[in-house]
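> Have a look at this prediction, sequence included:
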Amino acid sequence: GAVVSQHPSRVICKSGTSVKIECRSLDFQATTMFWYRQFPKQSLMLMATSNEGSKATYEQGVEKDKFLINHASLTLSTLTVTSAHPEDSSFYICSAGLEGNTIYFGEGSWLTVV
Amino acid sequence: RKEVEQDPGPFNVPEGATVAFNCTYSNSASQSFFWYRQDCRKEPKLLMSVYSSGNEDGRFTAQLNRASQYISLLIRDSKLSDSATYLCVVMPGGSYIPTFGRGTSLIVHP
C-alpha cells in the first residue's frame, strides 16, 4: 500500500486563486519531504526541500513567495500555489525517503489553472 | 551538459522483443542509481536499484559502468504492460536528493 499520500489528485482552479496540495507520510515520520514539478514529456524537477519545523529550501528559480511550503508536523507537508496562473498548470508530486536511499512518492496532483 | 541524460525515445517494439536503454550521468561522485517506471499521468515507481556488479530481476537487467558513467536497463521478452516511461535516477553519496533523467518512453505493440 501507499506510504506517502498526496491530495488532491486533480484540481482545477481559476487564475489568481490559490491552491493547496497536501503530502502525508503514512505510518512513518518524515523530517524531510521533497516537492517536484513535472511538465509533459519532461523530467521531474525538484522545486524545494521541505524541512519539518523550519523553512523550506528552494531550488534556484523557484519563487518561494509563490510556492509556499509548510511542514508543520512530521507527517504532513503542504504546497500552496498562490495567485495561480495558467503556466503553473503541471503535475506536482511529493516524496519522502524512508530507508536507505529508497524514494517513496505521493500519487501526484494534477493542477489545471483556467 | 545535463546531470542525467536519457534518450527520450519513444522506443517502439513488438511484443517479445528485447530492448535496452542507456542513461549517462555527469557527477562522478554519484553513489546510488535506480530505474523508476512512470506510467502516463501517474507517480514514478521503483523498478530496480542498480548495483556495480549488475543485477537481474526477472526479465529486467540493470548494469552500471562507473568508468564511463552510465547505467543501462535491458528488458527481455517485452510485454504490452511494459509500455511506460523509464526514469533514470542518480543520487550523490550521502544525499537523499535524487536527480532524474527526463525518461525514456517505451511502447510495446502487439
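Cool, the structure landed. Numbering: from 1, shown residues only, chains lettered A, B, ... in the order given.
> In the sheet, which residues pair with the nearest residue to residue B:54 once chain neighbours are set aside? Tell me.
Distance criterion C-beta to C-beta, 6 or more residues apart in numbering or on different chains; nearest residue to residue B:54, sequence neighbours excluded, is residue B:63 at 4.4 Å. All C-beta atoms are positioned from the backbone trio N, CA, C, and that covers glycine. Beta bridges link residue B:63 to residue B:72 when assigned by DSSP bridges.
> Can you tell me the closest non-neighbouring residue to residue 7?
Answering for chain A, as no chain was given. Computed as C-beta to C-beta, 6+ apart, the closest residue to residue A:7 that is not its neighbour in sequence is residue A:22, at 4.9 Å.
> my question was about chain B
Nearest residue to residue B:7, sequence neighbours excluded (C-beta to C-beta, 6+ apart): residue B:104, at 5.7 Å.
> Tally up the residues packed near the nearest residue to residue A:39 once chain neighbours are set aside, please.
With sequence-adjacent residues excluded and distances taken as C-beta to C-beta, 6+ apart, residue A:39 is closest to residue A:90, at 5.6 Å. Other residues near residue A:90 come to 20 when the count uses other C-beta atoms under 10 Å in any protein chain shown.
> Check residue A:46 too.
For residue A:46, the neighbour count with other C-beta under 10 Å is 19.
> any residue of the lowest-mean-pLDDT helix or strand in chain B up close to chain A?
For chain B, using mean pLDDT, DSSP states H and E, the weakest element among its helices and strands is strand B:99-100, scoring a mean of 87. Yes. With C-beta under 8 Å from any C-beta of the partner chain as the criterion, chain A is reached by strand B:99-100 at residue B:100.
> Skipping its backbone neighbours, what lies nearest residue 5 in space?
Using chain A. residue A:24 (4.7 Å).
> sorry, should have said chain B
Nearest to residue B:5 is residue B:24, by C-beta to C-beta, 6+ apart, at 5.0 Å.
> what's the next secondary structure element after the helix or strand bottoming out on mean pLDDT in chain A?
Here the helix or strand of chain A ranked lowest by mean pLDDT, DSSP H and E is strand A:103-105, holding a mean of 84. Using DSSP states H and E, the next helix or strand after strand A:103-105 towards the C-terminus is strand A:109-113.
> Done for today, thanks.
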